[in-house]
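**Q** here is a sequence with its predicted model. Questions after.
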Amino acid sequence: MGWLASAESTLDLLRHSLEAERGLGVSAPHVFVIMGASGDLAKKKIYPAIWWLFRDKLLPENTSIVGYARSKLEVSDIREKCDKFMKVRSEDRERYEQFWSVNQYVSGTYDDPAAFDALSEAISALETEATGNRLFYLALPPSVFGDVTCGIARHCMTTNPGWSRIIVEKPFGRDAASSAQLSAHLSSLFTESQIYRIDHYLGKEMVQNLMTLRFGNVLFEPTWNRNHLACVTITFKEPFGTKGRGGYFDQFGIIRDVMQNHLLQILCLVAMEKPCSTAASDIRDEKVKVLKCTRQLGLEDVVLGQYVGDPHGDGDARQGYLDDPTVPKDSVTPTFAAAVLRIDNERWEGVPFILRCGKALNERKAEVRLQYRDVAGDIFRGQPHRNELVIRLQPGEAVYVKMMTKRPGMTFDMEETELDLTYSARYKDLKLPDAYERLLLDVFCGAQMHFVRSDELEHAWRIFTPLLHVIDEQKPKPVPYRYGSRGPAEADELSRGLGFRYTGSYSWKGDDAHL
Ligand SMILES: NC(=O)C1=CN([C@@H]2O[C@H](COP(=O)(O)OP(=O)(O)OC[C@H]3O[C@@H](n4cnc5c(N)ncnc54)[C@H](OP(=O)(O)O)[C@@H]3O)[C@@H](O)[C@H]2O)C=CC1
Ligand SMILES: O=C1O[C@H](COP(=O)(O)O)[C@@H](O)[C@H](O)[C@H]1O
């Protein structure tokens, strides 16, 4: 069966691989516990993801869901909060009722042993056999993280032969020391094989595709190095600001929010050597190796920005970061950052990796852009523009190569064009699973490939901590940029200075090109 199979047969393939390769789909009771069930993440991401898996019959048959939080709620209250995020189609109505019928809600505090005993009893009552498998999703703020993990470890773990798995959300600390403390805390309670640290970017289709593109083709890998590439740019842009979430954001800033985790994970997949196999440990070993070769960052390696309102904009665009009532009026927290990372190894020495991320920019976009060097020994009098290989992560998943071609007809002129794999054109009616959906399924399957290991974290923080400490202590003033712009001009200057060439001459014919 080819990849262009219908959505239904794609699900069949998935189910088949679960049963055949991973021994799931059997009747063992599974209980998925959402700690912090009344919160924002739970309603927007976790309940929807577990519902879609349930809808598509990708969960073990005997799976129950238990929400836990302090608020005194009923399942019906949770349902009401979640409803608008669940994307229920008319044909799913009956299944949706079934989903809520396997849900329970337990209310309790996060530091009371008796409350955790009550939770454990509620779980046991769902385990029709003497034991079952338990998954705990910690959709909680860092302030209660310590108590909750202790409560789970001491009161709620399953007994053999079942397993218990803990799914942990960022932030994984604020710097190297706090992250090490958190890792030590977790490893005092659980084994590494029980811990699933989520970076939801690792659940995105095109991030997962990076390994296939690199190691499943002969075409790219020979040029994937310092001999051919001028620079690599990894970009994350959002067209909206903090939208009242500034109080939370202000404690972290864009580097901790996006760059140190999502963009660095992408960098690892772009820059690592080929792993010995697709086993989680082999892949994670290679990611750690490339992180170990990456230099620590200092203030001289970055451009920091903070958005200001656009007086000519509409609605939210008029509001700058400092106009957010939840943000301190004198905040210097960056909402934009561009940084150059240097990887000191045989493959990458001299190739800048430029990481750029920001809020309130001109568009929503996440992409990896490999820009090739100039043609050597050019015989076309400077006409060729540099090749670029662009992996567009979102929106509009695509892989395209910008290249030169002879202009068709009675001419020897050349023009820029592209080899274009646009997913919406190549894969008709394709529905890609949500990142959380994929990652939750991985946890059921015990697949840790797309989760962050503790030593990856350690090295990620080693790279960023000196810079973050300087920012925290010296509070450099970020460059103001207009809401809806491409960010500070200084970031483009940084890229230019590092050898990135932008000509502005490329024009893409858009979706019409595929008609
Ligand atoms: N299959 C598909 O979906 C395809 C889509 N396209 C689309 O065509 C459009 C153009 O393609 P693209 O590859 O971006 O090529 P461009 O040449 O327009 O842009 C290339 C890069 O230059 C940066 N840039 C833009 N303006 C400036 C500037 N003034 N100074 C310095 N750098 C700048 C962009 O960064 P920044 O991100 O900051 O703007 C981008 O990284 C895009 O919207 C792209 O998505 C193209 C091919 C295939
Ligand atoms: O982790 C985070 O990611 C989101 C962006 O995620 P996406 O899947 O919508 O691209 C970002 O808005 C948020 O600030 C950050 O904490």
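**A** Here it is on my side, so go on. Ligands and ions are numbered 1, 2, ... in the order given.

**Q** show me what contacts residue 464?
**A** By C-beta atoms under 8 Å, 6 or more residues apart in numbering, the residues touching residue 464 are 175, 255-256, 259-260, 264, 296-297. No exception for glycine: its C-beta is placed from N, CA and C like everyone else's.

**Q** same thing with residue 196?
**A** Residue 196 makes contacts with 165-168, 439, 442-443, 448, 451, as judged by C-beta under 8 Å, 6+ apart.

**Q** at 6 Å what do you get?
**A** Residue 196 sits next to 167, 443, 451 when contact means C-beta atoms under 6 Å, 6 or more residues apart in numbering.

**Q** and for residue 439?
**A** By C-beta under 6 Å, 6+ apart, the residues touching residue 439 are 198, 203.

**Q** distance check, it against residue 96.
**A** Separation of residue 439 from residue 96 (C-beta to C-beta, to the nearest Å) stands at 22 Å.

**Q** filter the contacts of residue 196 by proximity to ligand 2?
**A** By C-beta under 6 Å from any ligand atom, no member of the contacts of residue 196 lies near ligand 2.

**Q** quick one: which of the residues you listed is most hemmed in?
**A** Of all these, the highest neighbour tally under other C-beta atoms under 10 Å goes to residue 167, namely 24 neighbours.

**Q** picking up where we left off before, with neighbour count, distance to ligand 1 and pLDDT as extra columns, can I get the contacts of residue 464 in a markdown table?
**A** Output for the contacts of residue 464, formatted as a markdown table (neighbours: other C-beta atoms under 10 Å; distance: C-beta to the nearest ligand atom, whole Å; pLDDT from 0 to 100):
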| residue | neighbour count | distance to ligand 1 | pLDDT |
| --- | --- | --- | --- |
| 175 | 17 | 29 | 96 |
| 255 | 24 | 18 | 98 |
| 256 | 23 | 22 | 97 |
| 259 | 27 | 15 | 98 |
| 260 | 32 | 20 | 97 |
| 264 | 26 | 19 | 98 |
| 296 | 13 | 26 | 98 |
| 297 | 23 | 20 | 98 |
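
**Q** biggest separation within these, which pair?
**A** 256 and 296 (15.7 Å; C-beta to C-beta).

**Q** which residues of the stretch 351-500 of the chain score low on pLDDT?
**A** Within the stretch 351-500 of the chain, not a single segment meets pLDDT under 70.

**Q** quick one, helices of it?
**A** With DSSP state H, counting those that start in this stretch applied, the stretch 351-500 of the chain shows helices at 423-426, 435-445, 454-474, 489-497, listed in chain order.

**Q** ok, the stretch 51-200 of the chain next?
**A** 75-82, 93-101, 113-126, 142-155, 176-189.

**Q** let me know which of these is the nearest to ligand 1.
**A** helix 176-189 (30.0 Å; C-beta to the nearest ligand atom).

**Q** quick one: which of the contacts of residue 196 is nearest ligand 1?
**A** Of all the contacts of residue 196, ligand 1 sits closest to residue 451, with 28.8 Å by C-beta to the nearest ligand atom.

**Q** the closest one against residue 194, yeah?
**A** No: at 11.3 Å, residue 451 does not count as touching residue 194 under the criterion of C-beta atoms under 6 Å.

**Q** so of the helices of the stretch 351-500 of the chain, which one's packed in deepest?
**A** Comparing those by mean neighbour count (mean count of other C-beta atoms under 10 Å), helix 435-445 ranks first with a mean of 21.

**Q** now that helix - C-alpha only, CSV.
**A** The C-alpha coordinates for helix 435-445 follow below in CSV (Å, rounded to 0.1, in the frame of the first residue of the first chain):
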residue,chain,number,x,y,z
ALA,A,435,1.6,17.1,17.3
TYR,A,436,0.2,16.2,20.7
GLU,A,437,-1.9,13.4,19.2
ARG,A,438,1.2,11.8,17.7
LEU,A,439,3.2,12.2,20.9
LEU,A,440,0.6,10.8,23.2
LEU,A,441,0.3,7.8,21.0
ASP,A,442,4.1,7.4,21.3
VAL,A,443,3.8,7.3,25.0
PHE,A,444,1.2,4.6,24.9
CYS,A,445,3.6,2.7,22.6
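
**Q** use 25 as the first number for this chain going forward.
**A** Happy to do that; since the first residue is 25 now, the last one works out to helix 459-469.

**Q** roughly how far out does that helix sit from the chain middle?
**A** How far helix 459-469 lies from its chain's middle: 13 Å, per C-alpha atoms, centre = their mean, to the nearest Å.

**Q** what does stretch 244-262 give?
**A** Relative to its chain's centre, stretch 244-262 lies at 19 Å (C-alpha atoms, centre = their mean).

**Q** show residues contacting that stretch.
**A** Around stretch 244-262, the neighbours that count as contacts under C-beta under 6 Å, 6+ apart are 282, 287, 290-291, 371-381, 383, 385, 387-397, 522-524.

**Q** now those: which count as buried?
**A** 282, 287, 290-291, 371-372, 375-381, 383, 385, 389-397, 522, 524 (16 or more other C-beta atoms under 10 Å).

**Q** tell me which of those fall in strands.
**A** 377-381, 389-396 (DSSP state E).

**Q** which pair of those residues spans the longest distance?
**A** The most widely separated members of these are 381 and 396, with 23.7 Å between them, by C-beta to C-beta.

**Q** okay, which residue is most central for this protein?
**A** Residue closest to the average C-alpha location in the chain (C-alpha atoms, centre = their mean): residue 225, at 1.5 Å.

**Q** export the helices of the stretch 375-524 of the chain to TSV and tack on distance to ligand 1?
**A** Listed next are these as TSV, based on distance: least, C-beta to the nearest ligand atom, whole Å:
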stretch	distance to ligand 1
helix 447-450	8
helix 459-469	20
helix 478-498	22
helix 513-521	4
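
**Q** need these in TSV (columns: distance to residue 402).
**A** Putting these into TSV (distance: least, C-beta to C-beta, whole Å) gives the following:
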stretch	distance to residue 402
helix 447-450	33
helix 459-469	43
helix 478-498	37
helix 513-521	21
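
**Q** rewinding a little: can I get the helices of the stretch 75-224 of the chain in CSV with mean pLDDT and distance to residue 411?
**A** CSV is the format used below for the helices of the stretch 75-224 of the chain (pLDDT from 0 to 100; distance: least, C-beta to C-beta, whole Å):
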stretch, mean pLDDT, distance to residue 411
helix 99-106, 97, 46
helix 117-125, 98, 48
helix 137-150, 95, 55
helix 166-179, 95, 44
helix 200-213, 96, 38
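
**Q** for residue 86, which of those helices is the nearest?
**A** Per C-beta to C-beta, nearest to residue 86 of these: helix 137-150, 8.8 Å.

**Q** and that closest one, what other elements does it pack with?
**A** If you count contacts as 3 or more C-beta pairs under 6 Å, 6 or more residues apart in numbering; DSSP states H and E, helix 137-150 packs onto helix 166-179.

**Q** okay, buried residues for the helix it packs on please.
**A** In terms of neighbour count (16+ other C-beta under 10 Å), helix 166-179 has its buried residues at 168-170, 172-177, 179.

**Q** what's the helix or strand for the residue of the stretch 225-374 of the chain found nearest ligand 1?
**A** Residue of the stretch 225-374 of the chain nearest ligand 1, by C-beta to the nearest ligand atom: residue 259 (5.1 Å). Using DSSP states H and E, residue 259 sits in strand 253-261.

**Q** that strand pairs with which strands, parallel or anti?
**A** Taking DSSP bridges as the criterion, strand 253-261 sits next to strand 377-382 (parallel), strand 389-396 (antiparallel) in its sheet.

**Q** make a markdown table from those and add distance to ligand 1 to it.
**A** A markdown table is the format used below for the strands paired with strand 253-261 (distance: least, C-beta to the nearest ligand atom, whole Å):
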| stretch | distance to ligand 1 |
| --- | --- |
| strand 377-382 | 7 |
| strand 389-396 | 5 |
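
**Q** between these, which gets nearest to ligand 2?
**A** Closest among these, using C-beta to the nearest ligand atom: strand 389-396, at 6.2 Å.
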